[in-house]
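Visitor: sequence below, structure please.
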Amino acid sequence: MKKEEFSSLIQLPFLLDGATGSNLMAAGMPRGVCTETWVRDHKEILVNLQKAYVDAGSQAVYAPTFGANRISLSMHGLEKEVKSLNEILVSYSREAVGDQAYVVGDITTTGKMMAPAGDLSYEQAFETYQEQISCLAEVGVDFLVAETMISIDETLAALDAAQAVCGLPVLCSMTIESDGSLFTGGNIFEAAAALESAGASAVGINCSVGPEQLEAIVRTLASTVSVPVIAKPNAGMPQIDEQGQAVYSMTAPDFARHMKTLVDAGASIVGGCCGTTPEFIRCLADLLKS
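Guide: You can find the predicted model right below:
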């Protein structure tokens, strides 16, 4: 999909998928492993999850390439596997959805702080994203998302890298505090305006908090930018149980009801993050249809 085709091909409101990571954990993925290699070795779990999302109403699924960049993979000694992992993981998603949904190339923060707060330079970030995005574009994703980003500078580096190597639309979603502030300084409103100016096809938030806390933020975002606004929050705020696991108590109908409020406030690309399942997407799809 070309960037200039995005607005005409994507009919709003547009429904993304729900969580991947929390569902993989529920399916047996241990803590601390490389998610990308675990998924590579457990294809059926990922394929079944993404088929369930499409059956529930998702119009796009995120390929499980979240941390398949050189810097993140180097923590597992896998920095030479960027190309092979991105190719394999996208192929799993394509097999899962066929021509029933778009496949989105998923990228995220490297986990390192950008200079001057940290030692990651813009050039290093740009080259890291350029390598991964080149692989994603080559294997044929429909568009890209830079999600769960914490720094405007790193997000701009990812967006710049995408535009340097391909003409794919890029969605940018950041994780925020409940008041809209970013964890690395600044706020989502300034970030969204900067990302739109730099060429993002859609901007917004994911992960962070539950949808019940985001109405004012979404409403302000929608009045700040002219591109579609993304809302892909968690299933409420989690409680940590005795085993150290995050437990999300929001029900699928409650999630859908709060998400409908966000759509009414101006969110037009919506889905779920941590704690959500295909049932959450099904409830949201049914409510949007009604």
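
Visitor: wait, isn't M250 in contact with Q213?
Guide: No - with contact taken as CB atoms under 8 Å, M250 and Q213 are classed as non-touching, separated by 11.4 Å. For the C-beta atoms, the positions are set from N, CA and C on the backbone; glycine is no exception.

Visitor: and the two? which has more neighbours close in?
Guide: Using other CB atoms under 10 Å, the more surrounded residue of M250 and Q213 is M250, with 21 against 18.

Visitor: so what's the more buried one up against?
Guide: The contact partners of M250, taken as CB atoms under 8 Å, 6 or more residues apart in numbering, are 210, 235-236, 275.

Visitor: just among those, which is most surrounded?
Guide: Each of these was scored for neighbours by other CB under 10 Å, and A235 scores highest at 27 neighbours.

Visitor: residue contacts, that one?
Guide: Shown in contact with A235 (CB under 8 Å, 6+ apart): 19, 210, 248-250, 255, 272, 274-276, 280.

Visitor: mind checking the SS state of it?
Guide: Three states are possible here, and by DSSP: H, G, I helix; E, B strand; the rest coil the one that applies to A235 is coil.

Visitor: any idea how far M75 is from it?
Guide: As for A235, its distance to M75 is 28 Å (criterion: CB to CB, to the nearest Å).

Visitor: Q163 against A157, yeah?
Guide: No - if you go by CB under 8 Å, Q163 and A157 don't touch, sitting 11.0 Å apart.

Visitor: who's more crowded, the two?
Guide: Neighbours were counted for Q163 and for A157 using other CB under 10 Å; A157 has more, 25 against 16.

Visitor: excluding chain neighbours, what is closest to that one?
Guide: Closest residue in space to A157, ignoring its immediate chain neighbours: A125 at 3.9 Å, by CB to CB, 6 or more residues apart in numbering.

Visitor: for the one you found, phi and psi?
Guide: Geometry field for A125 lists phi and psi as phi -60, psi -50, criterion degrees, to the nearest 10.

Visitor: number of residues surrounding it?
Guide: Residue crowding around A125 was assessed by other CB under 10 Å; the count is 26.

Visitor: per-residue confidence at it?
Guide: Confidence per residue is given as pLDDT, and for A125 that number is 98.

Visitor: thinking it is in contact with A115, fair?
Guide: No - because the distance of 9.6 Å does not satisfy CB under 8 Å, A125 is recorded as not touching A115.

Visitor: next structured bit after the helix or strand that contains S134?
Guide: Mapping S134 onto the secondary structure by DSSP states H and E places it in helix 122-139. Moving toward the C-terminus from helix 122-139, the next helix or strand (DSSP H and E) is strand 143-149.

Visitor: could you pull out the helices for the chain?
Guide: Shown for the chain, the helices assigned by DSSP state H span residues 6-9, 21-26, 35-41, 43-56, 70-74, 82-97, 122-139, 152-165, 188-198, 215-224, 252-265, 278-289.

Visitor: any idea which of these is most buried?
Guide: Neighbour counts (mean count of other CB atoms under 10 Å) averaged over each of these peak at helix 152-165, with a mean of 23.

Visitor: nearest to K289 among the contacts of A235?
Guide: Proximity of the contacts of A235 to K289, judged by CB to CB, is greatest for F280, which lies at 15.2 Å.

Visitor: so what's the residue lying closest to the closest one once chain neighbours are set aside up against?
Guide: Here the nearest residue to F280 in space, its sequence neighbours aside, is A252; by CB to CB, 6+ apart that works out to 4.4 Å. A252 is in contact with 276-277, 279-280, 282-283, counting by CB under 8 Å, 6+ apart.

Visitor: look up how far L73 lies from the closest residue to I281 other than its chain neighbours.
Guide: Spatially, and ignoring its direct neighbours in sequence, I281 is nearest to A56 (4.2 Å; CB to CB, 6+ apart). In this view, A56 and L73 are 31 Å apart by CB to CB.

Visitor: quick revisit: L24: which of the contacts of M250 is nearest?
Guide: The shortest separation between L24 and any of the contacts of M250 is 12.8 Å, and it belongs to G275 (by CB to CB).
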